[in-house]
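Colleague: mind folding the following:
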Amino acid sequence: MADQAEKVAQLVRSIVVPLIDFPDELTISSQVSDEGHLRVEVHVHEEDAGKVIGRQGRVVKSIRTLARAAADGSISAVDVEIV
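Modeller: Alright, predicted model coming up:
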C-alpha cells in the first residue's frame with residue numbers, strides 16, 4: 001500500500017510542477033491511515049497556491065479526481081490538500 005501511495009504522490013507532483021513558478025519550494029508528503037485512507041499534502045510557495053487551486057477550485061478538484069482514479073482498491077479514499 002505504501003508503494004501505491006508513492007505512485008499517487010508522484011502523479012500529483014507531475015501535475016503540479018508545470019503549474020507553479022517556484023518548483024524548488026514544492027514539497028509533497030503522503031500518509032496512509034490504518035483505515036486505508038491516503039492523505040497527500042502539497043506544500044507550495046505562497047504565490048503558487050492560487051495557480052494550484054485554480055478558479056473556484058477547479059484545478060485542485062481535477063487533481064483530486066486524477067489521484068482517486070490512480071489509486072487502486074488497496075486505498076479506500078484519497079484526499080489531496082494544498083497547504
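Colleague: how about the helices in the protein?
Modeller: 2-16, 49-53, 58-70 (DSSP state H).
Colleague: for Val42, name its beta-bridge partners.
Modeller: Beta-bridge partners of Val42, counted by DSSP bridges, are Ile28, Ile82.
Colleague: for it, what are its contacts?
Modeller: By CB atoms under 8 Å, 6 or more residues apart in numbering, the contact set of Val42 is 12, 16, 26-28, 52, 80-83. (Each C-beta comes from the backbone N, C-alpha and C, glycine too.)
Colleague: and the nearest residue to Ala9 once chain neighbours are set aside, how many neighbours?
Modeller: With sequence-adjacent residues excluded and distances taken as CB to CB, 6 or more residues apart in numbering, Ala9 is closest to Ser30, at 4.3 Å. Neighbour count of Ser30, defined by other CB atoms under 10 Å: 21.
Colleague: contacts only, for Ser30.
Modeller: Shown in contact with Ser30 (CB under 8 Å, 6+ apart): 5-6, 8-9, 38-41.
Colleague: cool, thanks, signing off.
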